[in-house]
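Colleague: make a model of this:
(2 chains)
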Amino acid sequence: MRASLVELPIDSAALLREVGVHESGAVTLFVGTVRNSNDGRPVTGIEYTAYAAMASSELKKIVGEASQQFGTDHVVVEHRLGYLALGEASVAIAVSHARRAPAMDASRFVIEEIKKRVPIWKREHYADGTREWVDPTRKYTSMSAGEVR
Amino acid sequence: MNVRVLLFASYAEAVGSDSLQLELPSTARVGDVLTEVRRRISRDVPPSPMMARNAEYAELDELIHEGDEVAIIPPVAGG
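Modeller: Numbers count the residues shown, from 1 in each chain, chains lettered A, B, ... in the order given. Predicted structure coming up:
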């Protein structure tokens, strides 16, 4: 198990190697990436900041909970901080398990918990040169791709 | 007692700083930090954000101690 905040680009393949064990019959990799639009506005990049001490400890707790709840010690998550360009990975979660269902459920659990409680914030940079802190509690006017209502 | 208050993202921008020192009575609770920041510093900090004490989420009625670090947490947006 490992949970880290990182400044450098995430190497997803390295995460997969880290969780890969011969006892596993399934390995999942979730990668969150910077999308080129949000709520209809063209986005050029996203800046991530965190309350590092707390974000790091919350991430570790989430990984521990996932491990206990889904029955695998092979859960690794990295969340990136700093300015990210379009398509770059902001978060990657790798899980391996003997069975596919708990591997996928654990991965889903980790990303949903990150979104609920890890003190990380993002400021979107828009094509028109403006920037704005994202507030997920605010009601959006349109549905964004990949979002679940 | 002296308490260090941390602000982040939109709240830090609203206040114009990412940390403050507040002098509070020894009986102060987490919620008092919020009340004082809103009263003395900025009404742009909303009335009921998430709060943390020493890097752990905290309830408003939790007691604080000399040297504690209290954070006002904007809506999180990781992932």
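Colleague: for A:G64, phi and psi?
Modeller: phi -60, psi -40 (degrees, to the nearest 10).
Colleague: nope, A:V63 is what I meant
Modeller: Per-residue torsions, A:V63: phi -60, psi -40 (degrees, to the nearest 10).
Colleague: gap between it and B:A77?
Modeller: Per C-beta to C-beta, to the nearest Å, A:V63 is found 20 Å from B:A77. The C-beta positions use only the backbone N, C-alpha and C, and glycine is treated the same way.
Colleague: any idea of the pLDDT on the closest residue to chain A within chain B?
Modeller: Chain B approaches chain A most closely through B:G78 (3.3 Å), counting by C-beta to the nearest C-beta. pLDDT for B:G78: 96.
Colleague: for A:V148, same thing?
Modeller: Looking at A:V148, its pLDDT is 54.
Colleague: next one: A:L5
Modeller: pLDDT for A:L5: 98.
Colleague: ok, the residue nearest to A:S4 when sequence neighbours are not counted - contacts?
Modeller: What sits nearest to A:S4 in space, not counting adjacent residues and going by C-beta to C-beta, 6 or more residues apart in numbering or on different chains, is A:E78, at 5.1 Å. By C-beta atoms under 8 Å, 6 or more residues apart in numbering or on different chains, the residues touching A:E78 are A:A3, A:S4, A:L5, A:V6, A:I10, A:L15, A:V91, A:A92.
Colleague: the fifth one touches A:I93, doesn't it?
Modeller: Yep, that's A:I10 we're talking about. No. A:I10 is not in contact with A:I93 according to C-beta atoms under 8 Å; the separation is 10.3 Å.
Colleague: tell me what the residue in chain A positioned nearest to chain B is bridged to.
Modeller: Closest contact between chain A and chain B, by C-beta to the nearest C-beta, is at A:I120 (3.3 Å). As for beta bridges, A:I120 partners with A:A50 under DSSP bridges.
Colleague: point out where chain A drops to low pLDDT.
Modeller: Scanning chain A with the threshold set as pLDDT under 70 gives A:140-149.
Colleague: who does the spatially most central residue of chain A bridge with?
Modeller: With distances taken as C-alpha atoms, centre = their mean, A:V91 lies nearest the centre of chain A, 3.3 Å away. Here A:V91 shows beta-bridge partners A:G32, A:H79, assigned using DSSP bridges.
Colleague: residues contacting it?
Modeller: A:I10, A:F30, A:V31, A:G32, A:V77, A:E78, A:H79, A:R80, A:I111, A:I114, B:G78, B:G79.
Colleague: quick check, nearest of those residues to B:G31?
Modeller: Relative to B:G31, the closest of the contacts of A:V91 is B:G78; by C-beta to C-beta it sits at 25.3 Å.
Colleague: the closest one: neighbouring residues, count only.
Modeller: Using other C-beta atoms under 10 Å in any protein chain shown, B:G78 is surrounded by 26 other residues.
Colleague: excluding chain neighbours, what is closest to it?
Modeller: Using C-beta to C-beta, 6+ apart and skipping the chain neighbours, the partner closest in space to B:G78 is A:I120 (3.3 Å).
Colleague: quick one, helices of the chain?
Modeller: Defaulting to chain A. Secondary structure of chain A (DSSP state H): helices located at A:12-19, A:52-70, A:100-117.
Colleague: please refer instead to chain B.
Modeller: For chain B, helices defined by DSSP H occupy the ranges B:9-15, B:30-36.
Colleague: buried residues, the first one. List them.
Modeller: Residues of helix B:9-15 classed as buried: B:A9, B:S10, B:Y11, B:A12, B:A14, B:V15 (neighbour count, 16 or more other C-beta atoms under 10 Å in any protein chain shown).
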